[in-house]
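Q: quick one, structure for this:
(4 chains)
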There are 2 protein chains.
Amino acid sequence: MAGEQPAYRRVADRLRELILSGELAEGARLPSLREIASRYGVATSIATRALDVLRTDGLVVSRPGAGTYVRRFTRIVRKSPGRLAHDRWGAGAAIQDHDTGPRARTVDVVVGDVPAPGFVADALGVEPAAAVLSRSRRFVVEERAVQLATSYLPVELTRGTRIEHTDAGEGGIYARLAEQGVGPTRFTERVIGRSPLPEEAAALGLTADGARVLEITRFAYAGDRCVEVNRMVLDSDAYELSYSFPA
Amino acid sequence: MAGEQPAYRRVADRLRELILSGELAEGARLPSLREIASRYGVATSIATRALDVLRTDGLVVSRPGAGTYVRRFTRIVRKSPGRLAHDRWGAGAAIQDHDTGPRARTVDVVVGDVPAPGFVADALGVEPAAAVLSRSRRFVVEERAVQLATSYLPVELTRGTRIEHTDAGEGGIYARLAEQGVGPTRFTERVIGRSPLPEEAAALGLTADGARVLEITRFAYAGDRCVEVNRMVLDSDAYELSYSFPA
DNA sequence: TAGTGGTCTAGACCACGAC
DNA sequence: TCGTGGTCTAGACCACTAA
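A: Residues are numbered from 1 along each chain as shown, chains lettered A, B, ... in the order given. Sure, this is the predicted structure:
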């Protein structure tokens, strides 16, 4: 069924087995390019390509001049709907903590009016490119950027409120919306896996070819009205999403 | 911040812009390797590598002998919890239809006892490697394999029931469990993005390097008791997941 | 300084598709 | 038959790391 595999894949598969079987443990150093080449009887460029496959798979990382190492893996668990339960933001906890996992730092908060992207205009029920309030930010865990997020809200719900400030106050923007009688009652999250745009890759520090992100678009509804759209871009290798719901 | 980019990435970025801007529409043919090489002043192997990047990104597909084309994109929307609402399987609809999206065909159903993998044993509360019933299957939409799924259940709930048959009957396995008083009342789904194992790549027809899958592990609870673990492996480019929940 | 990964060249051969 | 993508070779040079 599979047919003959090219040499670089055979080499990649052999090395992958060594890693998945634990023979090459987390943090262990792989043989050098030249050594792999001579050991498997291929040119060094093919050994390079085999390592490209494993790097793309996220199994190894290379440090130029030092070597190639089996990657250490831990994922941040992001729980829904627990994260967004009313009593969380009702009580004043920062919503961001629950969106990103614990120990996340928020950096580079930028707030301002922007023209509504298509998917935002559709959801909020405004004209395409009409002004909406945008709050974008980046989350960092242990010096590693793991998530970008941009929240869009209708301007009539944000004018003159703390939502327009970098620090939206106790309980975050949902608490501010609730004060106006439009606190979210329901959320919908739409999840896709895709490749990052070059800007996103740069902001998340995803230098490897073939890196992937999870794009989560969350719509917050107060009754039938959509009051916020939040687009998050997560390093796919850094997260595990968890959803719980009744039958 | 970014520094100098290697040639193959510059070429890839140029071509990506042409695609994302729509200048190269869906289905359009890209210039040939040799033409890209001469146009951007690089060796053909570098033009190849630039296309490797775009192929890994899922933006283009290559057909040997024919050319490289901008990929056409449509995602199957997989909705939770609607899919798993009690009245669906209570009424007798095949649960698979709701797990995969419409128009999916189920193929290669295999049912039998297997030793419980670790994550299954943990959830079902059995000894590691104890026998559990496994139901595995593959879903195909328009001749394209889009999802693998393997369901694990405790043997004491399946012995002598239609769950042991390839065709589990009206309403699927949840209807059969409900008949024994252990119909699921709650689900938890855990989602990660990762690279496919070689077997998974083969079963899903993911031939390109750098392809990704979404792995969804669903735990079905009857009260506090976990009565089923279902591990699904989805072609990441073929799906969009949608979750809805109250605040 | 010696070894490492990263990039790149300038070819070659193959199987396949379109004509 | 000719152009295509896919693979592979046998080198080269660079920047970097570690000793």
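Q: could you use CA atoms for every contact and neighbour count after this?
A: OK.
Q: distance of A:V53 relative to A:T74?
A: 21 Å (CA to CA, to the nearest Å).
Q: what's the answer for A:A201, then?
A: Taking CA to CA, one finds A:A201 at 20 Å from A:T74.
Q: repeat for A:R194
A: Separation of A:R194 from A:T74 (CA to CA): 21 Å.
Q: more crowded one of the two?
A: Applying other CA atoms under 10 Å in any protein chain shown to A:R194 and A:T74 shows that A:R194 carries more neighbours, namely 21 against 10.
Q: thinking the more buried one is in contact with B:D237, fair?
A: Yes: A:R194 lies in contact with B:D237 (CA atoms under 8 Å); the separation is 7.1 Å.
Q: overlap of the contact sets of these two?
A: Shared contacts of A:R194 and B:D237 (CA atoms under 8 Å, 6 or more residues apart in numbering or on different chains): none.
Q: leaving out sequence neighbours, find the closest residue to A:L24.
A: Nearest residue to A:L24, sequence neighbours excluded (CA to CA, 6 or more residues apart in numbering or on different chains): A:L18, at 5.6 Å.
Q: domain map for chain A?
A: Recorded structural domains for chain A (assignment: automatic domain parsing) are A:7-70, A:76-243.
Q: closest to DNA strand D out of those?
A: Nearest to DNA strand D among the domains of chain A is domain A:7-70; the distance by CA to the nearest atom of the strand comes to 3.3 Å.
Q: what about that closest one, near DNA strand C?
A: Yes: Domain A:7-70 reaches DNA strand C (CA under 7 Å from any atom of the strand) through A:30-35, A:45, A:48, A:51-52, A:62-68.
Q: give me the buried subset of the residues you listed.
A: A:L30, A:L33, A:T48, A:L51, A:D52, A:S62, A:T68 (16 or more other CA atoms under 10 Å in any protein chain shown).
Q: what about the strands in chain A?
A: Remark: strands assigned in chain A by DSSP state E are A:60-63, A:67-70, A:76-80, A:105-115, A:131-141, A:144-154, A:186-194, A:213-222, A:225-235, A:239-246.
Q: before we move on, the earlier item: just say which of the domains of chain A is most tucked in.
A: Mean neighbours per residue, mean count of other CA atoms under 10 Å in any protein chain shown, is largest over the domains of chain A for domain A:76-243, with a mean of 19.
Q: what part of chain A, helix or strand, is modelled with the least confidence?
A: Each helix and strand of chain A was given a mean pLDDT (mean pLDDT, DSSP states H and E); the minimum falls on helix A:95-100 at a mean of 54.
Q: isn't A:F187 right next to B:S244, touching?
A: Yes: between A:F187 and B:S244 a contact is recorded at 5.7 Å, counting by CA under 8 Å.
Q: per-residue pLDDT, the residue in chain A sticking out farthest from the centre?
A: Most distant from the centre of chain A: A:G41, at 39.4 Å, with distances by CA atoms, centre = their mean. pLDDT, A:G41: 94.
Q: phi and psi next, for it.
A: When read as degrees, to the nearest 10, the backbone of A:G41 gives phi 70, psi 40.
Q: roughly how far does it sit from chain B?
A: Per CA to the nearest CA, to the nearest Å, A:G41 is found 21 Å from chain B.
Q: kindly report the same for A:I163.
A: A:I163 sits 19 Å away from chain B, going by CA to the nearest CA.
Q: got a list of what A:Y8 touches?
A: Contacts for A:Y8 (CA under 8 Å, 6+ apart) come out as A:I46, A:A47, A:R49, A:A50.
Q: which residues of chain A lie near DNA strand C?
A: Contacts of chain A with DNA strand C, taken as CA under 7 Å from any atom of the strand, map to A:30-35, A:45, A:48, A:51-52, A:62-68.
Q: among these, which are within reach of DNA strand D?
A: Within the residues of chain A next to DNA strand C, those near DNA strand D by CA under 7 Å from any atom of the strand are A:S45, A:R63, A:P64, A:G65, A:A66.
Q: name the nearest residue to A:R105, sequence neighbours excluded.
A: With sequence-adjacent residues excluded and distances taken as CA to CA, 6+ apart, A:R105 is closest to A:V140, at 5.1 Å.
Q: isn't that neighbour up against A:V146?
A: Yes: the pair A:V140 / A:V146 is scored as a contact, 5.8 Å apart, by CA under 8 Å.
Q: for A:A25, list the residues it contacts.
A: A:I19, A:V70.
Q: what pLDDT is listed against it?
A: In this model, A:A25 is scored at 94, pLDDT.
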